[in-house]
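In: need a structure here:
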Amino acid sequence: MEQWQRLIVAGNKAFHTGNNTEAEIHYRDASRSARQMIDCWFDTEGAINALVVTDLNLAECQCRMGCFEQAIDTYSSLSLDLRKFQLSFAPSNPIVGMVARALTQIKKEFLTLTQTYAYDILQVREAPVVSAPRSSTSAITSAS
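Out: Modelled structure (predicted):
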């Protein structure tokens, strides 16, 4: 947990100073650390929250850098990993409910992020307008 905390603090500092590349590196490392430790941490809810916070921070950082596909992949991977973790427990296990709450939070954050960056995500580069060539038969029939 201490390694994760050091990494997330370093990522947050870099993020707040606008050093997004450095922040992304720290967040990726923190995410790896949280994923490796999720089964080992005594506080499972704390481990789940650590992973969620880390990956949400990573996705926000990726959006700041204009890497929207990577951000969507981050959300997708996080959701998939948590669902797999959730399925490893009996439905009556309290961990299942913890993961369900985390997944709900992820969905809400994803919707907020996509609303915030909607125009950037959907930005369509203007392509030059090319008119279709006129066929020689249409030129002949219109001349008749």
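
In: helix or strand right after the strand or helix carrying Ser76?
Out: Assignment of secondary structure by DSSP states H and E places Ser76 within helix 68-87. Using DSSP H and E, the helix or strand that directly follows helix 68-87 along the chain is helix 94-116.

In: hmm, who's touching that following helix?
Out: 44-45, 48-49, 52, 56, 59-60, 63, 71, 75, 78-79, 82-83, 85-86, 89-90, 121 (Cβ atoms under 8 Å, 6 or more residues apart in numbering). For every residue, glycine as well, the C-beta is placed using N, CA and C.

In: make it 10 Å
Out: Here helix 94-116 makes contact (Cβ atoms under 10 Å, 6 or more residues apart in numbering) with 44-49, 51-53, 55-56, 59-60, 62-63, 68, 71-72, 74-76, 78-79, 82-91, 93, 121-122.

In: give the contact list for Ile38.
Out: With contacts defined as Cβ under 10 Å, 6+ apart, Ile38 is in contact with 44, 46-48, 50-51, 81-82, 85.

In: for it, phi and psi?
Out: When read as degrees, to the nearest 10, the backbone of Ile38 gives phi -60, psi -40.

In: for Ser88, same thing?
Out: When read as degrees, to the nearest 10, the backbone of Ser88 gives phi -80, psi 0.

In: and the gap between it and Val96?
Out: Separation of Ser88 from Val96 (Cβ to Cβ, to the nearest Å) stands at 10 Å.

In: what about these two, which has more around it?
Out: Comparing Ser88 with Val96 by neighbour count (other Cβ atoms under 10 Å), the higher total belongs to Val96, at 15 against 11.

In: give me the pLDDT value at that one.
Out: The score at Val96 is 94. That number is its pLDDT.

In: how close does it get to Ile48?
Out: The gap separating Val96 from Ile48 is 11 Å, by Cβ to Cβ.

In: what sits in contact with each of these two?
Out: 85-86.

In: picking that back up, in the helix holding Ser76, what's buried?
Out: Of the residues in helix 68-87, those scored as buried under the neighbour-count criterion (16 or more other Cβ atoms under 10 Å) are 68, 71-72, 74-75, 78-79, 82, 85-86.
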